[in-house]
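Enquirer: sequence first, then the predicted structure:
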Amino acid sequence: MGRAARPRPAYPAIVFSQTPEAPKSDEYLLLGNPNRGAGEPILFVNPKDSDNIIVVAMATLNRLPTGEAPLGRGAPGGGGAAPANGGGRTPLRIKELSTPDGSLTEIAITRDGSKTWEFSEDNFRKILGKNRCSDSFAGAGPDGTLYMGCLAYLNRGGADYEQGYAPNGEAKYYHGGSAIAWSSDKGKTWSNPVWVHPALSPSLYDPRVHPVFEQASPWDRPFFVADASTGTIYISGTGPTYTVDPKTLPTAKIDPTLPSRGYAGYPPADVSRTRTYIRASHDQARTWGVIYPMDSDDYPGGRGGFTAGYGKLAVTYTSPKVPDRLGAQCPCTVFGTSGDDGKTFEYTLVPPLPPVAAQSTAAAAAGGGRGGGVGGGVMLGADPTKEGRFALARQSGQTMLINVTEDGGRTWLQPVVAARIPEGASFGHRAMKYSAKGALAMMWKATYADRTYDVWTSASRDGGKTFRTIRVSHAVSPPLILERGNFGLGDDLSSVDVDDRYVHVVWGDNRSGFQGTWYGRVPLDAY
C-alpha cells in the first residue's frame with residue numbers, strides 16, 4: 001500500500017552557523033595499531049547509564065603472516081609495483097580471507113564516561129570456528145543491555161574455497177553469517193554468540209523472496225536498531241535477491257579442473273537486484289523472527305536507512321520506480337512503516353528535493369557502499385520523545401538537508417540545512433541519531449580534493465528547526481596509508497550517538513600513521 005505525502009508549512013527560517021576554529025571537542029586514538037588497524041567503528045551509549053559506552057571496530061591485519069600486503073599493489077585495483085611473488089589481487093585476497101584470525105572485532109568499553117577504557121576482542125571466531133569476525137556492529141537496548149556482533153564467517157583455513165570462488169576472491173559459499181552477543185552487566189561479561197542471519201538458511205526468510213545464498217549474502221554489513229519504547233531490536237543484512245524464480249534459470253556449469261570451479265560471481269542484474277533484509281527480536285536477542293525485506297516489488301530499493309519507535313519499524317531508501325498512480329518522477333525517496341516486524345509495510349513518498357538535490361541523492365544511494373545501512377546516502381532517525389516524529393537526511397550538493405515528519409510520514413516539514421561542506425570537498429561517511437530527550441545530532445567526514453579529510457558534527461536542540469556545526473577532529477587526516485591501512489579495506493563507515501551531555505563520534509583516521517579508530521566528543525551545550 002502507498003500514498004504520496006502532502007507538504008506542510010515550512011519552518012520560519014533555515015538557520016545554519018559555523019563555530020570558530022578553536023577546538024571544542026576531546027579526541028584521541030582509541031583502537032588499532034601498526035600491525036592490525038581498526039576501522040568501520042560503531043559506538044553506542046547505554047541509555048540507562050551514559051557513562052557506559054561501547055565501541056567496536058573491525059581490526060584487520062595490514063600484512064599477511066608471510067609478509068604480503070593483503071591486496072597486491074600491482075594487481076587490478078592496486079597500483080604501484082607488482083608484488084614480489086608475481087601474483088594478482090584474487091589469489092592474495094583468497095590468502096587473506098583464508099588466514100585464521102585475519103580479521104577480528106576489537107571492543108572498547110568505558111564505565112566512567114571515557115576517563116578510562118577496557119579493551120578486549122571477540123570470542124566469536126573461537127566459539128563458532130570461523131576465520132573472521134568482520135563488519136563489526138554494536139548496540140544498546142532501552143533496558144541497558146549492550147550488544148556486539150559481526151559477520152563470523154569462513155570455516156577455519158581455506159575449506160570454504162573448495163567449491164570455487166569469484167574473481168573478487170570471495171568464496172562461492174561461505175559458512176557462517178551475522179551473529180550477536182549481549183551483556184547485562186555493562187560489558188563486563190558476554191553471552192555466547194547467537195546467529196541472526198546465518199548463511200544458507202532459506203527457511204528463515206519470507207517465502208515470497210528468493211535470496212541469493214552466495215558469498216556473504218544476504219547477511220552483508222549488519223546494522224543494529226532498538227525501539228526505545230518496546231525494547232524490540234532489529235538487525236539488517238544486505239545482498240542480491242533473484243527477481244525471477246531461480247528454478248527457471250539454467251544450472252551453472254561446474255568445471256572441476258579450474259580452481260574457481262567456473263564460478264563467475266553473483267547472478268547478473270537482469271535476474272537479480274540488491275535488497276536489505278531486517279530481522280527482529282523481542283527477547284533481547286535470544287530468539288529471532290522471520291527475515292523480511294525492507295522494500296517491495298512496487299517500491300524497489302537496495303540499501304537504505306532504518307529506525308524504530310513506538311512499535312513501528314521505519315525504513316527509507318531511494319527507489320528507481322514507484323506505482324504509476326502516484327505520478328512521481330523517480331528516482332524517489334521512499335518512506336515505509338511496519339507494525340509487524342517488516343512482514344507488511346505502508347509506503348509513502350517523501351517530497352522531492354530540488355533537481356540538483358535529487359541527482360545528489362541518487363548518486364549517494366548508488367555509491368553508498370557497505371555503509372548504507374544507517375549511515376549511507378539516505379539516513380533516518382526516530383525521536384523517542386514523540387510518537388510519529390522521524391527525521392530523514394539527504395544530500396543536496398554541498399549540503400545535507402533534513403526533513404521532519406510529525407505524523408509518521410503522512411506529511412513532511414520543509415527541509416532544513418544540517419551540514420555544509422566547502423566547494424571542492426565531498427561528503428564522506430555520515431551518520432545521524434536522536435538522543436533520549438530528542439536532541440538530533442549528525443556527523444560527517446569532509447573529504448578534500450587531495451583525499452585528506454576531517455570530521456564534523458552538527459546538532460539541533462530545538463526539534464530540528466536549527467543546527468549548529470562544530471568540528472570534532474583537531475587536524476586534517478592524511479590520505480589512506482596503504483602499507484598501514486589494509487590497502488583500503490575496512491573503512492566504510494563512521495558512527496555517532498548523543499546523550500544528555502555529549503555528542504559522541506568514532507571514525508577511522510590515519511593521523512597516527514596507520515588506520516585506527518578515533519573517538520571524539522563535544523559537549524551538547526556547545527551547539
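Expert: Perfect, I can see it now.

Enquirer: show me where the stretch 401-527 of the chain dips below the pLDDT cut-off.
Expert: By pLDDT under 70, the stretch 401-527 of the chain contains no weakly predicted segment.

Enquirer: the same query, at a cut-off of 90, please.
Expert: 463-465, 480-490 (pLDDT under 90).

Enquirer: now do stretch 192-206: everything it contacts.
Expert: Taking contacts as Cβ atoms under 8 Å, 6 or more residues apart in numbering, the residues outside stretch 192-206 that touch it are 123-124, 127-128, 149, 152-153, 173-181, 211, 213, 218-219, 222, 235, 237, 277, 279, 285-286, 288, 290-293, 343. Every residue, glycine included, has its C-beta placed from N, CA and C.

Enquirer: where does pLDDT dip in the protein?
Expert: Ranges of the chain meeting pLDDT under 90: 1-23, 67-89, 92, 252, 353-377, 463-465, 480-490.

Enquirer: which ones among the contacts of stretch 192-206 lie within strands?
Expert: Using DSSP state E, 149, 152-153, 176-181, 235, 237, 277, 279, 292-293 are the members of the contacts of stretch 192-206 that sit in strands.

Enquirer: among those residues, which one lies nearest to Trp412?
Expert: The closest of those to Trp412 turns out to be Pro293 (Cβ to Cβ; 24.1 Å).

Enquirer: and Ser203, that's in a helix?
Expert: Yes - under DSSP: H, G, I helix; E, B strand; the rest coil, Ser203 falls within a helix.

Enquirer: skipping adjacent residues, who's closest to Met443 in space?
Expert: What sits nearest to Met443 in space, not counting adjacent residues and going by Cβ to Cβ, 6 or more residues apart in numbering, is Val496, at 4.1 Å.

Enquirer: my bad, should have said Pro91
Expert: Nearest non-adjacent residue to Pro91 (Cβ to Cβ, 6+ apart): Gly169, at 7.6 Å.

Enquirer: ok, that neighbour - contacts?
Expert: Applying Cβ under 8 Å, 6+ apart, the residues near Gly169 are 89-94, 96-97.

Enquirer: what about 7 Å?
Expert: The contact partners of Gly169, taken as Cβ atoms under 7 Å, 6 or more residues apart in numbering, are 89-90, 93-94, 97.

Enquirer: what about it, is that helix, strand or coil?
Expert: coil.

Enquirer: look up how far Gly88 lies from it.
Expert: The gap separating Gly169 from Gly88 is 10 Å, by Cβ to Cβ, to the nearest Å.

Enquirer: ok, back up a step: tell me the one among the contacts of Gly169 nearest to Ala425.
Expert: So of the contacts of Gly169, ranked by how close each gets to Ala425 (Cβ to Cβ), first place is Arg89, at 30.0 Å.

Enquirer: burial count for that closest one?
Expert: 21 (other Cβ atoms under 10 Å).

Enquirer: how far away is it from Gly169?
Expert: 7 Å.

Enquirer: any chance you could map the strands in the stretch 301-450 of the chain?
Expert: Counting by DSSP state E, counting those that start in this stretch, residue ranges of the strands within the stretch 301-450 of the chain are 304-309, 312-319, 332-338, 346-349, 379-382, 390-396, 399-405, 411-412, 416-420, 426-434, 440-447.

Enquirer: list the contacts of the second one.
Expert: If I follow you right, that is strand 312-319. Contacts of strand 312-319 with the rest of the structure, by Cβ under 7 Å, 6+ apart, involve 234, 278, 294-295, 299-308, 330-339, 341-342, 361-362, 365, 377-378, 380, 382, 390, 392.

Enquirer: show me where the protein has its helices.
Expert: 89-97, 124-128, 355-366, 372-375 (DSSP state H).

Enquirer: give me the nearest residue to Val472, chain neighbours excluded.
Expert: Closest to Val472 by Cβ to Cβ, 6+ apart is Gly520, at 4.1 Å.

Enquirer: test my guess that Ala90 contacts Ala166.
Expert: Wrong residue type there; residue 90 is Thr, not Ala. No - counting by Cβ atoms under 7 Å, Ala166 is not a contact partner of Thr90; they are 8.5 Å apart.

Enquirer: which of the two has more residues huddled nearby?
Expert: Thr90 (20 against 17).

Enquirer: quick check: closest non-adjacent residue to that one.
Expert: Gly169 (4.8 Å).

Enquirer: before we move on, what about Gly187?
Expert: Ile109 (3.8 Å).

Enquirer: what's across from the one you found in the sheet?
Expert: Ile54, Glu118 (DSSP bridges).

Enquirer: just Val225 next, same as before
Expert: Tyr234.

Enquirer: that one - how many residues pack around it?
Expert: When neighbours are counted by other Cβ under 10 Å, Val225 comes out with 24.
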